[in-house]
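> Any chance you could fold what I've pasted below:
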Amino acid sequence: MEYVHAAILLHKAGKPVNEENLTQVLTAAGITADPVRIKALIASLAEVNIDEALKSATTFVPGPGAISPMGAPPSSPGPGAIPTATAEKEKKKKEEEEKKKEEAAIEGLGALFG
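Numbering: from 1, shown residues only. So this is what the prediction gives:
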């Protein structure tokens, strides 16, 4: 992942994303650059419009309990916030319970005519 981050950093700085520049960025970050991985990344980025790829990338939304970049816990979500995994599980659980109730009601009707 650090190789991709280095490529994005170079792109945002307006520098060419090439083997030499990637090696310099990774070395400056204290990472021993692997020439094979760098060549593979350069080759895979040859046909990619990095600006368009960044625009179409999904935004990271931290989950509950995540720490913000400033080290503070996240504020409580307001109305209309993205549902958490727990909320989705509760919703699915309620839907399953309702489905079971419907099935039980149908079985009860079947007993009347059966």
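> If I look at the residue lying closest to Arg37 once chain neighbours are set aside, what pLDDT would I see?
Distance criterion Cβ to Cβ, 6 or more residues apart in numbering; nearest residue to Arg37, sequence neighbours excluded, is Tyr3 at 5.7 Å. No exception for glycine: its C-beta is placed from N, CA and C like everyone else's. Reported pLDDT at Tyr3 in the predicted model: 88.
> burial measure for the nearest residue to Lys15 once chain neighbours are set aside, as a count.
The shortest distance from Lys15 to any non-neighbouring residue, by Cβ to Cβ, 6+ apart, is to Asn21 (5.5 Å). Burial of Asn21, expressed as a neighbour count using other Cβ atoms under 10 Å, amounts to 18.
> go on, Leu22?
So Leu22, with other Cβ under 10 Å, has 25 neighbours.
> With Ala6 instead?
The tally of other residues near Ala6 (other Cβ under 10 Å) stands at 24.
> hmm, back to that, compute the distance between the residue nearest to Lys15 and Ile50, please.
Distance of Asn21 to Ile50, computed by Cβ to Cβ, to the nearest Å: 14 Å.
> got it, and His11?
With distances taken as Cβ to Cβ, His11 is found 5 Å from Ile50.
> quick one: secondary structure of Gly30?
coil (DSSP: H, G, I helix; E, B strand; the rest coil).
> I misspoke; the intended subject was Pro16.
For Pro16, the secondary structure call by three-state DSSP comes out as coil.
> Below-threshold pLDDT in this protein: ranges please.
Within the chain, the stretches with pLDDT under 70 are 58-84, 104-114.
> swap the cut-off to 80 and go again
Where the chain drops to pLDDT under 80, the residues are 54, 57-88, 99-114.
> where exactly do the helices run in it?
2-12, 19-28, 35-45, 50-56, 85-113 (DSSP state H).
> Flag every buried residue along the third one.
Along helix 35-45, these residues count as buried under the neighbour rule (16 or more other Cβ atoms under 10 Å): 38, 41-42, 45.
> can you list contacts of it?
Counting by Cβ atoms under 8 Å, 6 or more residues apart in numbering, the neighbours of helix 35-45 from elsewhere in the structure are 3-4, 7, 17-19, 22-23, 26.
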